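S.K.: Need coordinates for the below:
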Amino acid sequence: HEHRVNVDLEGWVARPLNVQRLQNNDFDCGVWVLATIFAVVRGKHITGVWEQDMDNLRHYLRTMVLALPVYRYDS
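M.R.: Residues are numbered from 1 along each chain as shown. This is a model prediction of the structure:
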């Protein structure tokens, strides 16, 4: 099923959140993306986390996801 979403990007400007390398491994990419999303959603210009924080952030994200209510679809 293909769903096309029309988004007007007129006036949007992409700006890097960080200009220096923060990740030095090849397995925390997704956690960094989520940290960046959290920062932007909260109106921040930096993530406020460092590479040594990734284990704690990963644990926090796991805890938050597991705390979500389970949706049961009853037909």
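
S.K.: CA atoms for contacts and neighbours, from now on please.
M.R.: Will do.

S.K.: Low-confidence bits of this protein, can you list those?
M.R.: 1, 17, 75 (pLDDT under 70).

S.K.: Tell me where it has helices.
M.R.: 29-41, 54-66 (DSSP state H).

S.K.: Out of those helices, which is closest to residue 7?
M.R.: Among the helices of the chain, helix 29-41 comes nearest to residue 7, with 18.7 Å by C-alpha to C-alpha.

S.K.: Quick one: distance of the closest one to the chain centre.
M.R.: 3 Å (C-alpha atoms, centre = their mean, to the nearest Å).

S.K.: With stretch 38-52 instead?
M.R.: 9 Å.

S.K.: same check, this time on stretch 50-61
M.R.: On the basis of C-alpha atoms, centre = their mean, stretch 50-61 sits 12 Å off its chain's mean C-alpha point.

S.K.: same deal with stretch 5-14?
M.R.: 20 Å.

S.K.: how long is it end to end?
M.R.: End-to-end span of stretch 5-14 (C-alpha to C-alpha, to the nearest Å): 20 Å.

S.K.: One more: stretch 44-62?
M.R.: 22 Å.

S.K.: thinking again about what came up before, turn the helices of the chain into TSV, including mean neighbour count.
M.R.: Below are these laid out as TSV (neighbours: other C-alpha atoms under 10 Å):
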stretch	mean neighbour count
helix 29-41	15
helix 54-66	13
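
S.K.: These into a markdown table, with extra columns for distance to residue 23?
M.R.: Shown next, in a markdown table, are these (distance: least, C-alpha to C-alpha, whole Å):
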| stretch | distance to residue 23 |
| --- | --- |
| helix 29-41 | 8 |
| helix 54-66 | 10 |
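
S.K.: Any idea which of those helices gets closest to residue 48?
M.R.: Using C-alpha to C-alpha, the nearest of these to residue 48 is helix 29-41, at 8.0 Å.
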